[in-house]
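# whatever this is, show me its structure:
(3 chains)
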Amino acid sequence: MANKLSIGRLLVYAALALVAVYYLLPLYVMLTTSFKTLDDIRQGNLLSLPQAWNGGAWAKAWASACTGIECGGMKGFFWNSVKMTVPAVLISTMFGAVNGYVVSMWRFRGSDVLFTMLLVGCFIPFQVVLLPMAQLLGYLGIANTTTGLVLVHVIYGTAFTTLFFRNFYVTVPDELVKAGRIDGAGFWTIFFRILLPVSGPIFVVCIIWQFTQIWNDFLFGVVFAAGESQPITVALNNLVNTSTGVKEYNVDMASAIIAALPTLFVYMVAGRYFVRGLTAGAVKG
Amino acid sequence: MSHSSSPAEVRALADAAPAAASRQRLADRWLPRLVLSPTIVMSLVFVYGFIAWTAWLSFTESRLMPRYDWAGLTQYLALFDNERWWTAVANLGLFGGLFILCTLVVGLLLAVLLDQKIRAEGALRAVYLYPMALSFIVTGTAWKWMLNPDMGLQKVLNDWGFANFTFDWLVDPDRAIYTVVIAGVWQSSGFVMALFLAGLRGVDDSIIKAAQVDGASLPTIYRRIVIPSLRPVFFSVLLILSHIAIKSFDLVMALTGGGPGTSSDVPAVFMYQFAFTRGQLGLGAASAMMMLMTIVAVLVPLMYLETRSAKRG
Amino acid sequence: MASLSIDNVCKTYNNGTDVLKGIDIAIDDGQFLILVGPSGCGKSTLLNMIAGLDDISSGDIRIGERRVNDLSPKDRDIAMVFQSYALYPSMSVRQNISFGLEIRKQPKAEIDATVNRVAEMLQITHLLDRKPSQLSGGQRQRVAMGRALARNPSIFLFDEPLSNLDAKLRVEMRTEIKLMHQRLKSTIVYVTHDQIEAMTLGDRIAVMKDGIVQQFGSPQDIYDNPANLFVAGFIGSPSMNFIPATVVESGGQLGVKVCDDHGCVVLPLPHDKAKLAQWVGKDVIFGIRPEQITDARTAHREGLPQMDCHVKVIEPTGPDTLIFVTLNDTKVCCRAHPTEAKRPGDAMQLVFDVSKAVLFDPKTEMRIA
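Sure thing, here's the model as predicted:
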């Protein structure tokens, strides 16, 4: 495999570049459109740059765009998503860490069966639990609240986090736990003093994965939250699909970018771990 | 180490130890089970219990409010009699098939190309993968704008001189589902690329060298040796993609909303609308059960094949 | 220090497989016990059971006077060195050594003194502030030993501690472990699959196979008087030759007849004639170690049976040359002086020292004589 610039290699580069353009196009369009005025959008075309970079659409998207009846922009929903995502990610990750520790290092009779049983939770289509969950949340009085959404995300996210940590801890030699037990350390001491200090990478992977999943969720949001407690994905969908009045594409695009910003940011600063999480999540079991 | 215990000391130790010792042993034995139990209970109730609950609902006459009187297969019969359901199923088949095929081909191709010791590999990989960080709602919003027949890509090409170029699939009832494929492939193929690339990097270098020594050309090496060795990756990719396809909801909602009319409906959208906006709980439950069964029907054979081929080595 | 006794210990896994089938071993205070056997023989399981990391299905384990069956590892007063060393990766060497003492709530000053003393003894003082990932294999091994030593337990348990080291280091560390044992007079249980380690280190060796102790005794006893075919073949390198042969009576003496393609010889048996009487005319397995078939110069003694054999392959090892011949259609290894060794294809006179030869029943594989 010579590194010289042959025709073949040029073709490879050309193909890769072309595909890169295809991938970047929507981002480019979103960005340029969001900085255009409505007139600008009508006069130019999708690929033209804004005649003047105008931040008006961004201000409107953040503070005063209408999503259905309310016209408070994305800001409230953005914070809803934050308030939903942060606790849900932290709690499900903690559960996952401890569960993964048990099913890998403290296996007992039947623990493998229980783990397989948990894993099924990763595969089911969530449609099949929506109706009972809606009933339960209503019964508990937390329907249409962020608390309810946190609960739902913790419940259905824990199967994944358990899988992540289990797959990580099986790569750690179990002689470490044996050595700890002989040194006299108990279940929790071994976890906190011996395993947690080496679990940094898997925490990052797991937190990023959960953050992306929960922030981007739409199904639970649209079913279990309404009005003021909606997460940003639901609000964005409402904004874009509201059919009344003039369609403000620039506001739509600015809102979409606002909704995507946190996960994009995480992707940019910790992309390496993001990819690792994707591949780890893919190799189920 | 001059430590030597007198018999008396030893006996005292033997007497004192059991109480404390058995406490530690009990803790070691029961703590792991105790710690795991909340999650197990959660899973039993919220996964298995709720599936049973949904199954039960699907055998009742529930409409706006759940009722728990047995009504047999009424809802399933109604479902199979519902033309919109069959549109959704057909769309799922069409979308699923195309989506899986295109994503697989694009992902594999990108992985193979990127595996050629490309200079800017890191940057390119980042570009191909970023859609995976986005919500399907954002993806749908962006593509909805780009595919807008009046002001989107069609206009660009018209402006460039292709005056007769039309691209109105988004509003064409026969074509709307294909736009979902386009956006879906855009979102997911980078992910598949990453999986395949990880697989390619895992192929033993000496096998490739052996093939080169045997005089095989690069395309032959890939076609005959490298790609066949990625069999397990193909399985996981198929597993994940079919899973995404069957569950796909957000993308359709954001891009077409199931429209125009009901032309791009899929089962997930069908279930949502009947269960939550039309007050047909029983029918919604029945459609959810059908989705579950589809996933089981697709995943179980795939996983069976995968474990079998893994065992065979 | 303490004695250790293992009485009729069994282990059955949940799926019904018996890993250990009634183990009986007892050693005195200060003895070095080796558990040796091929992988899957149950030696590591037994060690884990002594440590309290695995449950005992039935039987008793006593450390000193105490029955420890139901004690947790922490309360058995043991320390263990693992094959992978199992050093806590996030802790420095110092913390690794002091961890167990800290858990036992020893006073800080005492811990520091112990750590320093142990570090000095093992010559790892300069490594105390490093992390395990910054150490070489041999250094990790020392730290693992230091962690065990610091605890000053009644019994040290070693689980194949040298198998991750390269050959040269392994020999060095072997000597050091032996030195340590001689100095501290500690009770040690040491698991290995390497019969050379077993021979060189142990006061007592338990040779295990399929969950059963095949033979338990001193190294020399096991080498000279193997209880069965398995032990005879497992201990010693190159291993004992097993030549199928028939017991014959010639000139009032019992012997076994062995043949090369050149001819045959009857090797007289030194054993009690009465005991062997019932075997005359029957097939047995004749066991003889390579060093007992040699050249005339090495043999030193007159009047030993000898025979011209056709040399198939020679393997010089330096101090000796191994000579391979075929006797009774079986490949046989002989150990000769390098200058006396003939070349492949040639005939060579070999001298048989039968005084230590043994016989096995080919059906039961047990020792006959």
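# quick check: C:Ala245 touching C:Gly255?
No. The pair C:Ala245 / C:Gly255 is not scored as a contact, 9.1 Å apart, by CB atoms under 8 Å. The C-beta positions use only the backbone N, C-alpha and C, and glycine is treated the same way.
# spit out the contact partners of the most centrally placed residue in chain A.
Centroid-nearest residue in chain A, with CA atoms, centre = their mean: A:Thr212, separated by 1.3 Å. Residues in contact with A:Thr212 (CB atoms under 8 Å, 6 or more residues apart in numbering or on different chains) are A:263, A:266-267, A:274, B:133.
# any idea which element it lies in?
helix A:200-216 (DSSP states H and E).
# could you give the average pLDDT over that helix?
The pLDDT scores in helix A:200-216 average 90.
# stretch C:292-299 too?
86.
# in it, which residues are buried?
C:292-296, C:299 (16 or more other CB atoms under 10 Å in any protein chain shown).
# start and end of that stretch, how far apart?
From its first residue to its last, stretch C:292-299 covers 8 Å (CA to CA, to the nearest Å).
# name the surrounding residues that touch that stretch.
C:241, C:306, C:332-337, C:340-341, C:348-357.
# please look at A:Asp183 and C:Asn96 and confirm they touch.
No. A:Asp183 is not in contact with C:Asn96 according to CB under 8 Å; the separation is 9.4 Å.
# what residue ranges in the chain score low on pLDDT?
No chain was given, so I picked chain A. A:1-5, A:243-245, A:277-285 (pLDDT under 70).
# you answered for a different chain; I wanted chain B.
B:1-22, B:309-313.
# care to break it down by domain?
B:1-58, B:74-312 (automatic domain parsing).
# could you say which of the ones you listed is packed most deeply?
domain B:74-312 (a mean of 19; mean count of other CB atoms under 10 Å in any protein chain shown).
# ok now that one, how far from the chain's centre?
Averaged C-alpha coordinates place domain B:74-312 at 9 Å from its chain's average position (CA atoms, centre = their mean, to the nearest Å).
# and for stretch A:47-57?
On CA atoms, centre = their mean, the centre of stretch A:47-57 falls 29 Å from that of its chain.
# what of stretch A:152-165?
Taking CA atoms, centre = their mean, one finds stretch A:152-165 lying 13 Å from the centre of the chain it belongs to.
# report whether it contacts chain B.
Yes. Interface with chain B: stretch A:152-165 contributes A:155-156, A:158-159, A:162 (CB under 8 Å from any CB of the partner chain).
# and the spatially closest residue to C:Asp60 that is not a sequence neighbour, how many neighbours?
Excluding the flanking residues, the one nearest C:Asp60 by CB to CB, 6 or more residues apart in numbering or on different chains is C:Asp7, at 4.6 Å. Residues contacting C:Asp7 under the criterion other CB atoms under 10 Å in any protein chain shown number 15.
# need the phi and psi values for C:Asp7.
Note on C:Asp7: its backbone torsions stand at phi -110, psi 110 [degrees, to the nearest 10].
# residues in contact with it?
Contact partners of C:Asp7, counting by CB under 8 Å, 6+ apart, are C:24, C:59-62.
# so which of those residues is the closest to chain B?
Closest to chain B out of the contacts of C:Asp7 is C:Arg62 (10.1 Å), distances taken as CB to the nearest CB.
# quick one: which of the contacts of C:Asp7 has the most company?
Neighbour counts for those peak at C:Ile61, which has 23 neighbours (criterion: other CB under 10 Å).
# and the end-to-end length of stretch C:232-252?
29 Å.
# I should have written stretch C:256-274 there, sorry.
Where stretch C:256-274 begins and where it ends lie 16 Å apart, using CA to CA.
# which parts of it are buried?
C:256, C:258, C:260, C:265-269, C:271.
# same question for stretch C:49-56.
Buried, per 16+ other CB under 10 Å, within stretch C:49-56: C:49-54, C:56.
# out of those residues, which one sits closest to chain A?
Using CB to the nearest CB, the buried residues of stretch C:49-56 come closest to chain A at C:Leu53, 5.2 Å.
# got the contact list for the residue nearest to the closest one when sequence neighbours are not counted?
Excluding its sequence neighbours, the residue lying closest to C:Leu53 (CB to CB, 6+ apart) is A:Lys178, at 5.2 Å. A:Lys178 is in contact with C:48, C:51, C:53, C:73, C:80, C:82, C:86, counting by CB under 8 Å, 6+ apart.
# tell me which element A:Lys178 is part of?
Here A:Lys178 is assigned to helix A:175-182, by DSSP H and E.
# and the angle for the biggest helix by length in chain A with helix A:200-216?
Secondary structure of chain A per DSSP state H: the longest helix is helix A:249-282. Angle between the axes of helix A:249-282 and helix A:200-216 is 140 degrees (criterion: axes from the mean of the first three to the mean of the last three CA atoms, to 10 degrees).
# from B:Trp143, how far off is the closest residue to A:Trp53 other than its chain neighbours?
Nearest residue to A:Trp53, sequence neighbours excluded (CB to CB, 6+ apart): A:Phe35, at 4.7 Å. Separation of A:Phe35 from B:Trp143 (CB to CB, to the nearest Å): 19 Å.
# likewise for C:Gln141?
60 Å.
# check C:Asp7 too.
75 Å.
# over to B:Ala254?
B:Ala254 is 9 Å from B:Trp143, by CB to CB.
# contact residues of chain C facing chain A?
Residues of chain C lying near chain A (CB under 8 Å from any CB): C:14, C:48, C:51-53, C:72-74, C:78-80, C:82-91, C:99-100, C:103-104, C:147, C:151.
# okay, and which of those map to strands?
Mapping these onto strands (DSSP state E) picks out C:78-80.
# which among those residues gets closest to B:Met65?
Closest approach between these and B:Met65, by CB to CB: C:Met80, at 63.5 Å.
# that closest one: how many residues sit nearby?
Going by other CB under 10 Å, the residues that sit close to C:Met80 add up to 30.
# SS state for the closest residue to chain C within the stretch 1-150 of chain A?
Using CB to the nearest CB, the point where the stretch 1-150 of chain A gets nearest to chain C is A:Arg109, with a distance of 5.6 Å. Here A:Arg109 is coil, with the state taken from DSSP: H, G, I helix; E, B strand; the rest coil.
# equivalent analysis for C:Asp60, please.
Going by three-state DSSP: C:Asp60 is strand.
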